[in-house]
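Q: One predicted model, sequence on top.
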Number of protein chains: 2
Amino acid sequence: MNKPITPLQRNGARGSNRDLVRQHNLSVLLQMIHLNGTVSRSSLTSATGLNRSTISDLVSELEQLGFVTETETESPSGVGRPSLMVSASSKVVAFSVHPEVDATTVGAVTLSGKVLFSERVLMAKHPTASDSVQAAAKAIEHMRTQLDKDQLIAGVGVAIPGQVRVEDNVVRLAPQLGWVEQPYGSMLSQATGLPVFVDNDASIGCMAESNFGAGRGYSEMVFLFAGSGGIGGGAIINGMQLRGASGYGGELGHVRIGEGNTKDYSGLSGTLESLVRRDDLLQAFKMFAATDEELDMDIRGNKSPKIQKMIETQIDALGNGIASYVNIFNPEVIVLAGFLTSLLSYDENRLLARIREGALNASSERVVVRPAELGANLLMIGAAELPFHRILESPAETKLLPARKKR
Amino acid sequence: MNKPITPLQRNGARGSNRDLVRQHNLSVLLQMIHLNGTVSRSSLTSATGLNRSTISDLVSELEQLGFVTETETESPSGVGRPSLMVSASSKVVAFSVHPEVDATTVGAVTLSGKVLFSERVLMAKHPTASDSVQAAAKAIEHMRTQLDKDQLIAGVGVAIPGQVRVEDNVVRLAPQLGWVEQPYGSMLSQATGLPVFVDNDASIGCMAESNFGAGRGYSEMVFLFAGSGGIGGGAIINGMQLRGASGYGGELGHVRIGEGNTKDYSGLSGTLESLVRRDDLLQAFKMFAATDEELDMDIRGNKSPKIQKMIETQIDALGNGIASYVNIFNPEVIVLAGFLTSLLSYDENRLLARIREGALNASSERVVVRPAELGANLLMIGAAELPFHRILESPAETKLLPARKKR
DNA sequence: GTATTATGTTGCCCTACGCAACAAAAACAA
DNA sequence: TTGTTTTTGTTGCGTAGGGCAACATAATAC
């Protein structure tokens, strides 16, 4: 072999052959259908630029594979023969898992985007990874019995409030849970017999808002998410999620933006997470725990000048952070989730002013700040996207498992 | 038309047809050849996964198009029939332009990476955009007469120390030059009759180091560049350059990392650019102007505790900034260019320690910091990549202009 | 000098998409 | 109601690019 390894071949720079073309076209179609729920065949032709006959062929293959169903338009609009509608199948199901400090939430979502089941398994404080895996496996097992026999399982997606090495689904560090180096993916895969995909919660939320929420249609987006423990983030760059070398990318909460002394959950000081603190507001309102909705009510109804000052300080810090991300990413849209939406609605103009101050004019002139739209379903829908993603990438190659085990 | 516009179709989510396959394969091959200079046909087969016969066909098309030349191996190594070597053609030329405060540098680079000509046109301080365009056009005109008749021009690439709106090649703001909203691209295009591509200097440097320098082979990279006026940056994400919505992305020098009061060239305070200042060091060494090499010598030979302190402060600030970028991008490599390489070599351990302190362990554990490798040719080679990029994307579709105008 | 190995070349095959003609299903105009 | 127009689905055929296998070629190995 006298093949000197070519030092660099641009990522994904493989040759294309006929098979890849077919795979790509199937993938593109299924993605469009999945993202839009239902699309007409004529829309697919114009969006892809492919021929009518080709679309016909591709769609029927997707139908045979069980990923889509075709129906006639019930209310035809416009001249001409009405186009057939193509919908993502509700027979294909993915499970989503979200471990938190006091509970592990499990859900079942269809490829068509419907949430079939959702269960919040309460647990003793600070469960081990094993505790959470067992609870999740049990809930999944139960949900499987509720499914129809002809339904198919794409896999399980897990949203972790911490850093995840995506290549082998290992939780590197989840500060509030106290997990270090936990192979959550393989544990849950062993317990369920299903393929499992683990990722950071904020990254997952980012993808979900980009696909189905406030980030729809944008290809450059920055996402900030304040959950019960800390601030996470994500970014969509050229339509694709920022992942980094090992999947730790997008840790926007841990970026130093000031001189603060208080440390964040990961031990860093002066970071966005250490300056914009949900806990501080809870404490100020003398609340022990609260949902984002409850906190939002209090923030809106707040009259105390002292608390007002605190909120404004947090808005300023958030604005500083966002300004940096505007300079770095030059995004079209910033999407805020969790209690950050309360800060946004409390004084949007103040936040925008901070952003304009801290960012370069050219970069910030067209940026929009929007609240997340998916609310409580954010992580459930998002985590399910992880197993779906495998299907969307290569529909013809992906074999799914039956909902019920054969006897 | 009853086509409801599909709200989101993932960027680049077009259908593939046979023509696109051909175009893609030609593009992939030409990219590999361009990046490696010379590659054997057998390497191309193994790297692309395509068939020998297909490679043969594709390469001969590229040869017919004039982009590559085939030669026999002069020193065959290993058993078997020696593979033919494919090289990028030196007949294809791009010009590069780099306006600075006191000069505009013009160069001519071949597709094979050879710098044919290079000229630094000195100018009065603070030239207008028009001054610079005229100087560049004149130099390009002269260089064209020196070229062979059968050589072809790909176009002109311009590296601007400031923000550039890439869609229409307008310089939005170049602080040191004092340029605001200058349509440099169309001006130079009109003056030369050639296609012109304008971009930010640091983005261009980032791409150059990624393609030919310290970033070769990495698909996740962060680049920081300290030129005569300020700090610029760039990022390679999943093998692709971070651009942002309008091309302003990667302004890593203007991210707030501290509480400093001094403002940077763009009027922002507490930014990396305001804390890591080449001018401060020049002043400390009582130099008025100096090349990076001269400054580097002084930094290495420095004995004064006061200056030492200043250098260390700058290293600390740089480390803080890099730490943030490690958390954001989770890169494999950080490449430092300009006088930042002097800070790196002055005390690499200190810099690395600051990075580890400010970054999450998981993100920073495998990151490497390297000095840029292209030195003085960085921007010249990088800017030429802009016009080449068009060829590399669709070799068969791109028509080039003859070096000499027909009489 | 022969065997082995790897690569270039040639002719044929295969198939996914484009195309054109036709059929079908809606709105529109009388 | 009826014919026309418009748009879309269906069908059969053509086309071209990549895979494949057989053969030729040029190096090393023994």
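A: Okay, I see it.
Q: how about residue A:277, what does it touch?
A: Residues counted as contacts of residue A:277 (Cβ atoms under 8 Å, 6 or more residues apart in numbering or on different chains) are A:262, A:314. Bear in mind the C-beta positions are built from the backbone N, C-alpha and C, glycine included.
Q: Test for you: state the pLDDT assigned to it.
A: The confidence metric pLDDT takes the value 89 at residue A:277.
Q: Please list the residues of the stretch 201-350 of chain A that sit near chain B.
A: If contact is defined as Cβ under 8 Å from any Cβ of the partner chain, the residues of the stretch 201-350 of chain A in contact with chain B are A:211, A:216-217, A:219-220, A:237-240, A:242-252, A:254-259, A:266, A:268, A:320, A:323-324, A:327-332.
Q: and the closest residue to chain B within the stretch 101-250 of chain A, what does it touch?
A: Nearest residue of the stretch 101-250 of chain A to chain B (Cβ to the nearest Cβ) works out as residue A:244 at 2.5 Å. When contacts are counted by Cβ under 8 Å, 6+ apart, residue A:244 is found next to A:250, B:220, B:329-331, B:363.
Q: Ok, residue A:186 next?
A: Residues in contact with residue A:186, defined by Cβ under 8 Å, 6+ apart, are A:168-169, A:196.
Q: Need those in TSV (columns: distance to residue A:86, neighbour count and secondary structure).
A: Supplementary listing: the contacts of residue A:186 in TSV, determined by distance: Cβ to Cβ, whole Å; neighbours: other Cβ atoms under 10 Å in any protein chain shown; DSSP: H, G, I helix; E, B strand; the rest coil:
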residue	distance to residue A:86	neighbour count	secondary structure
A:168	36	12	coil
A:169	33	24	coil
A:196	29	24	strand
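Q: ok, so of those residues, who is nearest DNA strand C?
A: Top of the list for closeness to DNA strand C, among those and by Cβ to the nearest atom of the strand, is residue A:196 at 31.6 Å.
Q: Show me what that closest one is bridged to.
A: For residue A:196, the residues forming beta bridges with it (DSSP bridges) are residue A:156.
Q: Would you agree it is in contact with residue A:185?
A: Yes - using Cβ atoms under 8 Å, residue A:196 makes contact with residue A:185 at a distance of 4.6 Å.
Q: Touching both of those two, which residues are there?
A: Residues touching both residue A:196 and residue A:185 by Cβ under 8 Å, 6+ apart: A:158, A:169.
Q: Look at the residue of the stretch 301-407 of chain A found nearest DNA strand C and report its pLDDT.
A: For the stretch 301-407 of chain A, the residue closest to DNA strand C is residue A:396, as judged by Cβ to the nearest atom of the strand, at 9.7 Å. According to the model's per-residue confidence, residue A:396 sits at a pLDDT of 91.
Q: how many neighbours does the spatially closest residue to residue A:38 that is not a sequence neighbour have?
A: Taking Cβ to Cβ, 6 or more residues apart in numbering or on different chains as the measure, residue A:38 lies nearest to residue A:87, with 4.4 Å between them; neighbours along the chain are not counted. Residue A:87 has 17 neighbours, counted by other Cβ atoms under 10 Å in any protein chain shown.
Q: Would you map the helices across chain A?
A: Here chain A has its helices, by DSSP state H, at A:18-36, A:41-48, A:52-65, A:129-146, A:184-192, A:201-212, A:272-275, A:278-284, A:292-301, A:305-329, A:340-346, A:348-358, A:361-364, A:378-393.
Q: Return the most buried member of the ones you listed.
A: Highest mean neighbour count of the helices of chain A: helix A:201-212, a mean of 28 (counted as mean count of other Cβ atoms under 10 Å in any protein chain shown).
Q: Compute the inter-axis angle for that helix and helix A:18-36.
A: Interaxial angle of helix A:201-212 relative to helix A:18-36 (axes from the mean of the first three to the mean of the last three Cα atoms, to 10 degrees): 90 degrees.
Q: tell me the mean pLDDT for helix A:201-212?
A: Summarised as a single mean, pLDDT over helix A:201-212 is 96.
Q: And for stretch A:127-142?
A: Rounded mean pLDDT across stretch A:127-142 is 97.
Q: Repeat that for stretch A:64-78.
A: Model confidence over stretch A:64-78 averages 88 on the pLDDT scale.
Q: contacts for it?
A: Outside stretch A:64-78, the residues that touch it by Cβ under 8 Å, 6+ apart are A:30, A:33, A:40-41, A:59, A:62-63, A:82-89, A:91-92, A:111, A:152, A:391, A:395-396, A:400, B:1-2.
Q: Now intersect those with the strands, please.
A: In strands, defined here by DSSP state E, the members of the contacts of stretch A:64-78 are A:40, A:85-88, A:92, A:152.
Q: Now for the residue of the stretch 301-407 of chain A closest to DNA strand C, how many residues are close by?
A: Here the number of neighbours of residue A:396 (other Cβ under 10 Å) works out to 16.
Q: ok, now the one 5 residues further on?
A: Taking other Cβ under 10 Å as the criterion, the count of residues near residue A:401 is 15.
Q: Surely it is in contact with residue A:152?
A: Yes - with contact defined as Cβ under 8 Å, residue A:401 counts as touching residue A:152 (6.8 Å).
Q: Residue A:324 is in contact with residue B:255, isn't it?
A: Yes - with contacts counted by Cβ under 8 Å, residue A:324 reaches residue B:255, the gap being 4.4 Å.
Q: tell me the pLDDT at residue A:407?
A: 49.
Q: re the thing from before, could I get the contacting residues of the residue nearest to the residue of the stretch 301-407 of chain A closest to DNA strand C when sequence neighbours are not counted?
A: Nearest non-adjacent residue to residue A:396, counting by Cβ to Cβ, 6+ apart: residue A:26, 5.9 Å away. Residues counted as contacts of residue A:26 (Cβ under 8 Å, 6+ apart) are A:58, A:61-62, A:394-396.
Q: How about residue A:354?
A: For residue A:354, the contacting residues are A:315-316, A:318-320, A:322-323, by Cβ under 8 Å, 6+ apart.
Q: try residue A:137
A: Shown in contact with residue A:137 (Cβ under 8 Å, 6+ apart): A:188, A:191-192.
Q: Please tabulate the residues you listed in CSV, including the columns pLDDT.
A: As requested, these are arranged in CSV below (pLDDT from 0 to 100):
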residue, pLDDT
A:188, 98
A:191, 97
A:192, 97
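Q: Among those residues, which one sits closest to residue B:376?
A: Distance ranking of these against residue B:376, using Cβ to Cβ, places residue A:188 first at 54.2 Å.
Q: Give me the distance between the closest one and DNA strand C.
A: Applying Cβ to the nearest atom of the strand, to the nearest Å, the value for residue A:188 to DNA strand C is 36 Å.
Q: That residue and residue A:156 touch, don't they?
A: Yes - when contacts are counted by Cβ under 8 Å, residue A:188 is listed as touching residue A:156 (6.3 Å).
Q: Next to DNA strand D, which bits of chain A? Give me the list.
A: With Cβ under 7 Å from any atom of the strand as the criterion, chain A meets DNA strand D at residues A:15-18, A:40-42, A:45, A:52-53, A:55-56, A:78-84.
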